[in-house]
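Participant: heads up, no residue letters with this:
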């Protein structure tokens, strides 16, 4: 391992004196830095794909300060309640913004914060955005783009029927491919089409099986601020209302290094679905209609085909054991389970919005074409069973000066499971913010599109209270932290009895200048976990403690080049079992003419999967990478962005991982060596 470290560091630093470079102060770099800050919590359960997609959605469609509501501003997850109050009061008293630079005059907006905020906001001149001249606006829209991306393993070999069963043969190309097209104008219209095929999936045309070239297609047409309709969406979309107990699509980070602004979910309404994930969205029509005064109504109708394994009951009635959300359709078995059942969803939201209050009622009904019946055992006692699920919810959010209260309660039928969440955000001073959140989700609460704040991956079987705080000492020091105490009233994954736990985090950032800073983070988690009794089928439980630490140094190596050194460690201890891991990363960022480069070399050592380490990686535009590593080895990547012309951009990312503790055998459906992997990602973007 020491040889890996020396070799990698020499490779990076030997080039520093000879590279002619220039500054890298681009919006893309800001996006990557913000993502690393928001995703600083190492957690494999979080849905980072959706989070990153929603973050980049706002980057590609900046928020108009003159048209944004307080909820729109909160959806950025960047502004404190005091900043939101000052911004909206300034706009009310002084009129529309002429430029985003006016924010410099507000006491709570300093220069470093504005630089973080700038990629997500804009000021647009007033214009008629009705139906008239809409075709002309679509044809002349700026920022329309078409992207094609391909990913592949450079040393992949297919399994064949000569050495494997037909069910593990990959019939398609070893490369994955996707494209994205979008043309939009903020608060006016948006038209987009995405398509994707995973590695090993075939590219062919068969309407009978709903396969049209690419395995997955997603399309939307959206119109906003039109007569009758405030928002009209056809195709694929997400819905976010209240605190996400029932409709929780969108950008919801939860626990992380940002301990205040990400705790409260912003009800952003209906948004086009832009992810390449093949589940978790609605497909149909959604509309928002003003009713006069402060009242607004929302409704959605959706029908989506799902993956699943159709089985036959003893009386020959079809049913499904569980939903399959992976989106892979490669082998014979996976193809047989593709889009074999469906769900139909109807929902309506009646909402009243004022400057200081947001309240509403949600009604949702979900009907499956065949019943969902999990295995009949004690673990699944509270799992959803049947073909119909109904959920009713009420939410209330209120603001008074620098204090915000948010809440939602819901009940599902026929299970009669209940859930509620309530919290407060407060700016105590210009330097101190605090947050308090309490939640209670019963084991029998069923909400398939909910994603409220929780320790679990779903909003079910959990009670807890969260306390967060953020302190700023001028521009030099920022300290954030939280404590979260939770109880699971019924058994859950890896723990076969009611259990409890707690989690604590502290993060310190010391700024020496705009490009030079040190970040330290420590997180402690204690949960209960199953422990086998003398190798039998019986279990007892024991507390498991995890300690996660990281230190990161960002620095400027002159006017035109920057670097980052980061160290991470984790330790998991339960009974006599101790798992430990550490990772050292070295990054280099620079620009050379029309080329932007990001380089990384890292080494890692983790003696068990429980000690795995997550490390965010920069990636091509509109994509992200957040892999985890365990074992002993080295990880490296090189990302290059080439601005070939005013409209054409190219990205290339080469990455590799080399394990020192694994043998050079092959494993898996696509037969790749277990000790070494090398991947290439290529992306082309054309701006219209």
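Facilitator: That came through, no problem. Model, not experiment: these values are computed from the prediction.
Participant: where does pLDDT dip in this protein?
Facilitator: Filtered on pLDDT under 70, the chain yields the residue ranges 1-57, 125-131, 156-170, 250-254, 535-537, 664-673.
Participant: so what touches the top strand by length along it?
Facilitator: Ordering each strand of the chain by length in residues (DSSP state E) puts strand 539-556 first. Residues outside strand 539-556 that contact it (CB atoms under 8 Å, 6 or more residues apart in numbering) are 40, 42, 495-497, 499, 513, 515-533, 562-575. For glycine as for every other residue, the C-beta is placed from the backbone atoms N, C-alpha and C.
Participant: narrow the residues you listed to those in strands?
Facilitator: Among the contacts of strand 539-556, the members falling in strands (DSSP E) are 499, 517-532, 562-574.
Participant: now the buried members of those.
Facilitator: 499, 517, 519, 521, 523, 525-530, 562-564, 566, 568-574 (16 or more other CB atoms under 10 Å).
Participant: so which bits of the strand or helix carrying residue 344 are buried?
Facilitator: In this structure, residue 344 sits in strand 341-353 according to DSSP states H and E. For strand 341-353, burial by neighbour count (16+ other CB under 10 Å) applies to 341, 343, 345, 346, 347, 349, 351, 353.
Participant: and that strand, which strands flank it?
Facilitator: According to DSSP bridges, strand 341-353 forms sheet pairs with strand 295-306 (antiparallel), strand 357-372 (antiparallel).
Participant: and the ones you listed: which comes nearest residue 104?
Facilitator: With CB to CB, the closest approach to residue 104 among the strands paired with strand 341-353 belongs to strand 357-372: 29.0 Å.
Participant: just say helix, strand or coil for residue 103.
Facilitator: Following DSSP: H, G, I helix; E, B strand; the rest coil, the label given to residue 103 is helix.
Participant: how many other residues sit next to it?
Facilitator: Residue 103 has 21 neighbours, counted by other CB atoms under 10 Å.
Participant: kindly report the same for residue 634.
Facilitator: Counted with other CB under 10 Å, the neighbours of residue 634 add up to 21.
Participant: cool, and residue 368?
Facilitator: For residue 368, using other CB under 10 Å, the count is 21.
Participant: the closest residue to it other than its chain neighbours: what's it in contact with?
Facilitator: Nearest residue to residue 368, sequence neighbours excluded (CB to CB, 6 or more residues apart in numbering): residue 387, at 4.5 Å. Residue 387 sits next to 367, 368, 369, 370, 371, 372 when contact means CB under 8 Å, 6+ apart.
Participant: and the next helix or strand past the helix or strand where residue 387 lies?
Facilitator: Using DSSP H and E, residue 387 sits in strand 386-400. Counting by DSSP H and E, the next helix or strand C-terminal to strand 386-400 is strand 403-413.
Participant: angle of whichever helix or strand comes after that following strand against strand 386-400?
Facilitator: Moving toward the C-terminus from strand 403-413, the next helix or strand (DSSP H and E) is strand 418-427. Counting by axes from the mean of the first three to the mean of the last three CA atoms, to 10 degrees, strand 418-427 lies at 20 degrees to strand 386-400.
Participant: picking that back up, paired strands for the longest strand of the chain, with orientation please.
Facilitator: In its sheet, strand 539-556 lies beside strand 517-532 (antiparallel), strand 561-574 (antiparallel), with partners assigned from DSSP bridges.
Participant: got those strands as CSV, with distance to residue 123 columns?
Facilitator: Formatted as CSV, the strands paired with strand 539-556 follow (distance: least, CB to CB, whole Å):
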stretch, distance to residue 123
strand 517-532, 30
strand 561-574, 30
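Participant: can you tell me which of those comes nearest to residue 143?
Facilitator: Using CB to CB, those put strand 561-574 closest to residue 143, at 27.8 Å.
Participant: distance from the closest one to the middle of the chain?
Facilitator: From the chain centre to the centre of strand 561-574 is a distance of 22 Å (CA atoms, centre = their mean, to the nearest Å).
Participant: end to end on stretch 91-104, go ahead and measure it.
Facilitator: 14 Å (CA to CA, to the nearest Å).
Participant: in it, which residues are buried?
Facilitator: 97, 102, 103.
Participant: again, but for stretch 632-645
Facilitator: Result for stretch 632-645 [16+ other CB under 10 Å]: buried residues 632, 633, 634, 635, 636, 637, 639, 640, 641.
Participant: what ranges do the helices span in this structure?
Facilitator: Counting by DSSP state H, the chain has helices at residues 2-13, 27-38, 48-60, 70-74, 81-94, 111-117, 134-140, 332-336.
Participant: what's the distance between residue 255 and residue 437?
Facilitator: 10 Å (CB to CB, to the nearest Å).
Participant: mutual contacts of those two, please.
Facilitator: Joint contacts of residue 255 and residue 437 (CB under 8 Å, 6+ apart) are 453, 466.
Participant: and residue 473, how far from residue 108?
Facilitator: As judged by CB to CB, residue 473 and residue 108 stand 15 Å apart.
Participant: er, residue 182 I mean
Facilitator: Distance, residue 182 to residue 108, using CB to CB: 33 Å.
Participant: so which of those two has more stuff around it?
Facilitator: Between residue 182 and residue 108, counted using other CB under 10 Å, residue 182 has the larger neighbour count: 22 against 17.
Participant: quick check: chain neighbours aside, which residue is closest to that one?
Facilitator: residue 192 (4.0 Å).
Participant: in the sheet, who's paired with that neighbour?
Facilitator: residue 182, residue 220.
Participant: figure out how far stretch 415-434 is from the centre of its chain.
Facilitator: Remark: stretch 415-434 is offset 21 Å from the chain centroid, using CA atoms, centre = their mean.
Participant: no more questions from me, cheers.
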